[in-house]
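**Student:** My questions are about this predicted structure, shown below with the sequence.
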Amino acid sequence: AQSVTQLDSHVSVSEGTPVLLRCNYSSSYSPSLFWYVQHPNKGLQLLLKYTSAATLVKGINGFEAEFKKSETSFHLTKPSAHMSDAAEYFCVVRRFSGGYNKLIFGAGTRLAVHP
Amino acid sequence: DTEVTQTPKHLVMGMTNKKSLKCEQHMGHRAMYWYKQKAKKPPELMFVYSYEKLSINESVPSRFSPECPNSSLLNLHLHALQPEDSALYLCASSQEGQETQYFGPGTRLLVL
């Protein structure tokens, strides 16, 4: 069955430095992968998704992710962190089960951005 | 309009109360979802509705009762909840058969 593992529970960066949030996936076929962000006391917002088109996926707010089949990874990056990027980030894989799409969430990575 | 709205934003209820959470979307989506999110945990799927019919119940206790009166509206009726049911309840919607789900801001529920 499809699953994702987020390798870091907490990441701390300084404002203006690059961000790397790591995610490995497990899937017996070409997966559909997502990154969602959740700001404190808010719902989830879709950052980007990969659905077997281009391996480098660009999302909102300057984020991008690269699908690497050989490494079974889908890491999220941003060249320069902003204070407003501080949030919880979830790597998500779609599981098709019983005729329906289910989203399977990773445990989350909390990103802290320091001035 | 890509917005999913949820009311109320916050809810405090006693274990003997009956309350309802409401979710609304006007994107023409025919699949709607309820998730439960405990503090510092990822969301967990509770129910899936497709074309106003309950498609998936992830073994949720009967004190949670979902309802989909029409294609735009999803309710979650709560009765005799326990303190451990305190959580953020998220609603989402998607085009039928599509993978991308759009989430509402959630209702933060506290059961005393």
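**Tutor:** That came in fine, so what should we check first? Residues are numbered from 1 along each chain as shown, chains lettered A, B, ... in the order given.
**Student:** The least confident helix or strand in chain A by mean pLDDT: what's the following helix or strand?
**Tutor:** Using mean pLDDT, DSSP states H and E, the weakest-scoring helix or strand in chain A turns out to be strand A:100-105, at a mean of 86. Per DSSP states H and E, the first helix or strand lying C-terminal to strand A:100-105 is strand A:109-114.
**Student:** Now do the residue in chain A that chain B sits nearest to against residue B:34, distance only.
**Tutor:** Closest residue of chain A to chain B, CB to the nearest CB: residue A:105 (3.5 Å). In short, each C-beta sits where N, CA and C put it, glycine included. Per CB to CB, to the nearest Å, residue A:105 is found 15 Å from residue B:34.
**Student:** Compare neighbour counts for those two and give me the winner.
**Tutor:** Set side by side, residue A:105 and residue B:34 show more neighbours around residue B:34, with 25 against 22, by other CB atoms under 10 Å in any protein chain shown.
**Student:** which secondary structure elements does the least confident helix or strand of chain A contact?
**Tutor:** strand A:3-6, strand A:87-97, strand B:44-50, strand B:53-57 (3 or more CB pairs under 8 Å, 6 or more residues apart in numbering or on different chains; DSSP states H and E).
**Student:** ok, and for stretch A:19-35, which residues are buried?
**Tutor:** Neighbour counts using 16 or more other CB atoms under 10 Å in any protein chain shown place A:19, A:21-25, A:27, A:31-35 of stretch A:19-35 among the buried residues.
**Student:** Could you dump the residues you listed into a markdown table with pLDDT and secondary structure added?
**Tutor:** Output for these, formatted as a markdown table (pLDDT from 0 to 100; DSSP: H, G, I helix; E, B strand; the rest coil):
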| residue | pLDDT | secondary structure |
| --- | --- | --- |
| A:19 | 98 | strand |
| A:21 | 98 | strand |
| A:22 | 98 | coil |
| A:23 | 98 | strand |
| A:24 | 97 | strand |
| A:25 | 95 | strand |
| A:27 | 86 | coil |
| A:31 | 87 | coil |
| A:32 | 91 | coil |
| A:33 | 94 | strand |
| A:34 | 95 | strand |
| A:35 | 97 | strand |
